[in-house]
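Novice: missing the sequence, but the structure's below:
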């Protein structure tokens, strides 16, 4: 069966079954209520565009003239970070923005970048020590459900609009167990919703 992604609603479908996303699973821990809706929408749009720029960069098809001026400094910081981190050095493979689903646990997600050594998530915001480790735990489950090609490196790289970056090593434990509990909670909520309607 082929995994389908509906961009408008940010939904993953496997046949006629909607799979919860990693973001949806950790969503109960996210609170944007203090941010005005227009500011939040603008930040979300910039974040999506930044990820597209990075993906095109990795594919070798980025047209530098099309980069939004607000994202010029973050993109330059990304290039500097990539050079300084020697990203992918010695790796046998890499993947960017690859949509994956877990065949047994039935959830889906799109890691920003992974190779046989590490998983990276790129943020156009500061590191969140509550949700970011859980997100990487979910991605790790998606990537390593059949074999264990990748090492133990999980990284969040945060960029700001001024062109600065900071790299964070994300510890696996206890995020792995917590992500699984949140997946169970999400599944219970979904069953409850179906019972109520």
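Specialist: All right, it came through fine. Not measured: the values here are computed from a predicted model. Residues are numbered from 1 along each chain as shown.
Novice: residue boundaries of the helices in this protein?
Specialist: 22-26, 37-59, 72-85, 132-143, 175-196 (DSSP state H).
Novice: just the angle for the second one relative to helix 72-85, thanks.
Specialist: Put simply, helix 37-59 runs at 40 degrees to helix 72-85, going by axes from the mean of the first three to the mean of the last three CA atoms, to 10 degrees.
Novice: centroid-nearest residue for the chain?
Specialist: residue 111 (4.5 Å; CA atoms, centre = their mean).
Novice: quick check: that residue touching residue 94?
Specialist: No. Judged on CB atoms under 8 Å, residue 111 makes no contact with residue 94 at a distance of 10.7 Å. (C-beta placed from N, C-alpha, C; glycine too.)
Novice: the lowest-mean-pLDDT helix or strand in the chain - contacts with which helices or strands?
Specialist: Ranked by mean pLDDT, DSSP states H and E, the helix or strand of the chain with the weakest confidence is helix 175-196, at a mean of 89. Contact partners of helix 175-196 among helices and strands, from 3 or more CB pairs under 8 Å, 6 or more residues apart in numbering; DSSP states H and E: helix 22-26, helix 132-143.
Novice: next, the buried residues of the first one.
Specialist: When you say that, I think you mean helix 22-26. In terms of neighbour count (16 or more other CB atoms under 10 Å), helix 22-26 has its buried residues at 22, 24, 25, 26.
Novice: identify the residues contacting it?
Specialist: 10, 107-109, 131, 134-135, 138-139, 142, 179, 182-183, 186 (CB atoms under 8 Å, 6 or more residues apart in numbering).
Novice: what mean pLDDT does that helix get?
Specialist: Averaging pLDDT along helix 22-26 gives 96.
Novice: just how off-centre is it within its chain?
Specialist: 10 Å (CA atoms, centre = their mean, to the nearest Å).
Novice: what do you get for stretch 48-56?
Specialist: Remark: stretch 48-56 is offset 12 Å from the chain centroid, using CA atoms, centre = their mean.
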